[in-house]
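1. This is a predicted model, with the sequence first.
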Amino acid sequence: MPRDPLDDFATEQFTADGVTHQVYVQGSGPAVIVLSEIPGITPLVADFARRVADAGCTAFMPSLFGIDGQSILPASASDVVASGRMAGSLVRKVCISREFTILATGRSSPVVTWLRALAREAHARCGGPGVGAIGMCVTGGFALAMAVDDTIIAPVLSQPSLPLRPVGSARNIDISDDDLARVKTRCAAGLQVLGMRFNGDHLVPAERFDFLREQLGDAFISIELPNSAANPKGAIPPHSVVTEHLIDEPGEPTREALDRVLGFFTEKLGVTT
C-alpha cells in the first residue's frame, strides 16, 4: 500500500500544558478522538478515521508518533529489512518517551492529560452530548484513562496492549488506581466501555479482559474474536481488529466488530442519519 498523503484531512496544531501535536480533522458532527497504533497513522488507521467521519462524526486524529501516512507494509521485498529497522527504532523511541508509560503498572501515561484537553476542545467545537475515543494497541488503554473526564462518553479499547511486561499478573491495564476508581464510578452511573481483541493475541492476554470485567462489571462490553477471523494478509499475527486484520466484507466477524464500534459512537453521541 502506498503512503497516504492524508490531504483530505484538515491539519492543525493543538497545544496543552506546553505540549504540541499535529491533529488531522475530518467530518462534521460530534467528535471522536482516533488514536493510532504502532507504527503511527497508517493508511488503514486513516481509513478508519474516514469511516468515523462518514458515520456522521468529526474525527480528530492526533499524530503522537511515527511517520504520518506511512504503511506498515513494505513497498517491495527490498524494503523489508529497512521497514523492520524503522519499526524497531520507533518502538525504542516510544519506550523512552516521557509521554508514554510502556512497562509499568498502576500508572496512566502522561500523554493522556493532553488527550483529555484535546477531547474538551473538540467537544467545545463540535457540540453534542460528549466525545468518543478509540485507542489501538499501545494507545488502547488511553481511551480508558481519558474516560476520567466526563467529556468522554464512548470509550473504545481496541487490542489494548499495555503494559507490555505485566508485573506478576496480566490482570492489569495502563491506568492509575485513582483514574480507574473514577472510571468505575462513572460506569456505575451509566458509562459503558467497549473492548476488542483476538483470542490468540499474546499482546492482549485474556486476563486483561477478565480484569476489566471484574473492575467495570456489566459496563464493559467485550468483543473477542478467534484468530481465524483475522485477515490472513496482515503483516503481523492477528492483532489489529479494525485496521490491519479487518476483512471488509459483510458477514465477516471483523467487519461486524467495525460496524459495532461505529454504532457505539453514533448511539452514544446521538448521531442521526
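-> Perfect, I can see it now. Residues are numbered from 1 along each chain as shown.

2. what's the helix or strand for residue 214?
-> Assigned by DSSP states H and E, residue 214 belongs to helix 206-216.

3. Could you pull out the buried residues of that helix?
-> 208, 209, 211, 212, 215, 216 (16 or more other Cβ atoms under 10 Å). No exception for glycine: its C-beta is placed from N, CA and C like everyone else's.

4. distance between whichever helix or strand comes after that helix and the chain's centre?
-> The helix or strand immediately downstream of helix 206-216 is strand 220-225, counting by DSSP H and E. With Cα atoms, centre = their mean, to the nearest Å as the basis, strand 220-225 stands 15 Å off its chain's centre.

5. Note down every partner strand of strand 220-225 and its orientation.
-> strand 193-198 (parallel) (DSSP bridges).

6. between the partner strand and helix 206-216, how big is the angle?
-> 170 degrees (axes from the mean of the first three to the mean of the last three Cα atoms, to 10 degrees).

7. and the residue nearest to the spatial centre of the chain, what helix or strand is that in?
-> Central residue of the chain (Cα atoms, centre = their mean): residue 135, 1.4 Å from the mean position. Per DSSP H and E: residue 135 is located in strand 131-136.

8. Output the contacting helices and strands for whichever helix or strand comes after that strand.
-> Heading C-terminal from strand 131-136, the first helix or strand you meet, by DSSP H and E, is helix 142-146. Applying 3 or more Cβ pairs under 8 Å, 6 or more residues apart in numbering; DSSP states H and E, we find helix 142-146 packed against helix 111-126, strand 131-136, strand 152-158, helix 177-188.

9. before we move on, back to that, the residue nearest to the centre of the chain and residue 182, how far apart?
-> 17 Å (Cβ to Cβ, to the nearest Å).

10. Ok, residue 128 next?
-> Taking Cβ to Cβ, one finds residue 128 at 22 Å from residue 182.

11. Need the CA coordinates for the strand holding residue 135. PDB is fine.
-> In PDB, the C-alpha atoms belonging to strand 131-136 read as follows (Å, rounded to 0.1, in the frame of the first residue of the first chain):
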ATOM      1  CA  VAL A 131     -16.900  12.800  22.800                       C
ATOM      2  CA  GLY A 132     -16.000   9.300  21.700                       C
ATOM      3  CA  ALA A 133     -12.500   7.900  21.700                       C
ATOM      4  CA  ILE A 134     -10.800   4.800  20.400                       C
ATOM      5  CA  GLY A 135      -7.300   3.700  21.300                       C
ATOM      6  CA  MET A 136      -5.400   0.900  19.400                       C
END
